[in-house]
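Student: Quick check, what structure comes out for this input:
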Amino acid sequence: FAKARGAALVDLNLDGLLDLVEVNVDDRVRLWRNVGRGTAERPEPLGHWLELRHREDGPNRDAIGSWIEVRTGDSIQRREIVVGGGHAGGQLGWVHFGLGTADEARVRVEWPDGSWGAELTVPADGFTILDRSGGAEPWRPGE
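Tutor: Numbers count the residues shown, from 1 in each chain. This next block holds a predicted model:
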């Protein structure tokens, strides 16, 4: 119950569950591990998930200012890729999407220049890198 300075939701151990990093004033940083509906020994996600990164050539390699759109059934989720937003904060990394019961998603990117990439089908419960050239490359920890 310290004075909070900021926080980040990020998948720290790459298990598909968003963990919490809590930064406090005059107190230590706290890490809260998410185990979903499981236990520390056996974490269990609450549903299917997807973590995405995207890249393009040039000085804006991480495509800051782009949008990622994820479709599952009739549902659409959109996230703008930005860095910053107050008190020198910001985070750049995997973008997490909860997919519920869907075992795949249709994904596309609106790049910073306003052009749209092709819609790609991506399997759930994994990490995928989307490339400006139109490819989707699975990524696994340790590779």
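Student: Any stretches of the protein with poor pLDDT?
Tutor: By pLDDT under 70, the weakly predicted segments of the chain are 85-90, 143.
Student: ok, now which ones touch the residue lying farthest from the centre of it?
Tutor: Relative to the mean C-alpha coordinate of the chain, counting by C-alpha atoms, centre = their mean, the farthest residue is residue 26 (29.7 Å). By C-beta atoms under 8 Å, 6 or more residues apart in numbering, residue 26 lies in contact with 2-3. C-betas here are computed from N, CA, C, even on glycine.
Student: Identify the residue nearest the most centrally placed residue in the chain in space, chain neighbours excluded?
Tutor: For the chain, the residue nearest the mean C-alpha position is residue 95 (1.5 Å; C-alpha atoms, centre = their mean). Once flanking residues are discounted, residue 95 sits nearest to residue 52: 5.0 Å by C-beta to C-beta, 6 or more residues apart in numbering.
Student: Ok, residue 12 next?
Tutor: Here the nearest residue to residue 12 in space, its sequence neighbours aside, is residue 19; by C-beta to C-beta, 6+ apart that works out to 4.5 Å.
Student: for that neighbour, phi and psi?
Tutor: Residue 19 adopts backbone torsions of phi -100, psi 170, taken as degrees, to the nearest 10.
Student: And it, how close does it get to residue 141?
Tutor: Distance of residue 19 to residue 141, given as C-beta to C-beta, to the nearest Å: 15 Å.
Student: Equivalent analysis for residue 17, please.
Tutor: Distance from residue 17 to residue 141, by C-beta to C-beta: 14 Å.
Student: what about residue 19 and residue 141, which has more around it?
Tutor: Set residue 19 next to residue 141 and count neighbours by other C-beta atoms under 10 Å: residue 19 wins out with 16 against 8.
Student: Show me what the more buried one is bridged to.
Tutor: residue 10 (DSSP bridges).
Student: got the contact list for it?
Tutor: 9-13, 31-34.
Student: Which pair of those residues spans the longest distance?
Tutor: Greatest spacing in these, by C-beta to C-beta: 9 and 13 (13.4 Å).
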